[in-house]
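A.B. asks: The sequence and its predicted three-dimensional model are supplied below.
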Amino acid sequence: MDICNVPTLAIVGWSRSGKTTLMEALISHFTAAGLRVGAIKHDAHDFSIDHEGKDSWRFSTAEAQRTLICSAHRLALVEKLEQPADIDSVLQRCAPGMDLVLVEGFKTAALPKIEVHRPSLGKELLCLDELRYPQVKAVATDAPPGSMPEVEVPLLALNDVTEVAGFIQREMLLR
């Protein structure tokens with residue numbers, strides 16, 4: 001998917017499969033290659049970046065609809081939402097100015113995806129349920145060759161960031 005003409009790819013999988021570790025490695029890889037990478041993390045639980053007693057927490061507690069905190073090198077915006085955020089609205093905020101956006105989660109969204117799968121977790125492959133989890137383009141796994149069920153998408157070595165990044169470059173037509 002290209003929001004604002006920015007290639008976007010989701011990294012999906014079950015909890016504890018290694019999504020965050022893969023995202024971190026991919027961000028480092030693409031940044032070292034000179035790309036500007038945006039990262040989005042979907043949190044199924046409510047999160048807070050405010051710390052009790054701090055000014056931004058006090059503003060949020062006082063019911064500010066938006067609280068923005070900034071320094072010379074960082075900016076964070078916390079906004080109370082009337083309804084759950086959808087991937088399109090989140091991407092509209094994150095994608096401008098980026099060469100690539102990597103999304104952790106949003107596994108049911110209509111985004112191209114790489115599934116992270118560890119057989120040791122005992123969970124089924126998401127890509128086998130194409131209706132619920134559309135657009136899985138590859139599976140990054142630590143399974144030994146030949147030990148996985150047959151799937152219609154390429155299998156990538158989870159611990160080989162160069163292989164996974166190369167697939168993304170070809171799939172997303174990155175420079």
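C.D. replies: Nice, thanks for sending it over.
A.B. asks: remind me, longest strand of this protein?
C.D. replies: strand 6-13 (DSSP state E).
A.B. asks: How about exporting whichever helix or strand comes after that strand as CSV, limited to the C-alpha atoms?
C.D. replies: Scanning forward in sequence from strand 6-13 by DSSP states H and E, the next helix or strand is helix 19-32. Extracted in CSV, the C-alpha atoms of helix 19-32 (Å, rounded to 0.1, in the frame of the first residue of the first chain):
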residue,chain,number,x,y,z
LYS,A,19,8.1,-8.9,15.2
THR,A,20,9.7,-6.1,17.2
THR,A,21,13.2,-7.6,16.8
LEU,A,22,12.7,-8.0,13.0
MET,A,23,11.3,-4.4,12.8
GLU,A,24,14.3,-3.0,14.7
ALA,A,25,16.8,-4.9,12.4
LEU,A,26,15.0,-3.7,9.3
ILE,A,27,14.8,-0.1,10.4
SER,A,28,18.6,-0.2,11.1
HIS,A,29,19.3,-1.9,7.8
PHE,A,30,17.2,0.5,5.6
THR,A,31,18.4,3.6,7.6
ALA,A,32,22.1,2.5,7.0
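A.B. asks: For helix 19-32, which residues meet the burial criterion?
C.D. replies: If you call a residue buried by 16 or more other Cβ atoms under 10 Å, then helix 19-32 has these buried ones: K19, L22, M23, A25, L26, I27, H29, F30. All C-beta spots, glycine's among them, are computed from the backbone N, C-alpha and C.
A.B. asks: Check stretch 144-163 too.
C.D. replies: Buried-residue list, stretch 144-163, by 16+ other Cβ under 10 Å: V151, L156, L158, V161.
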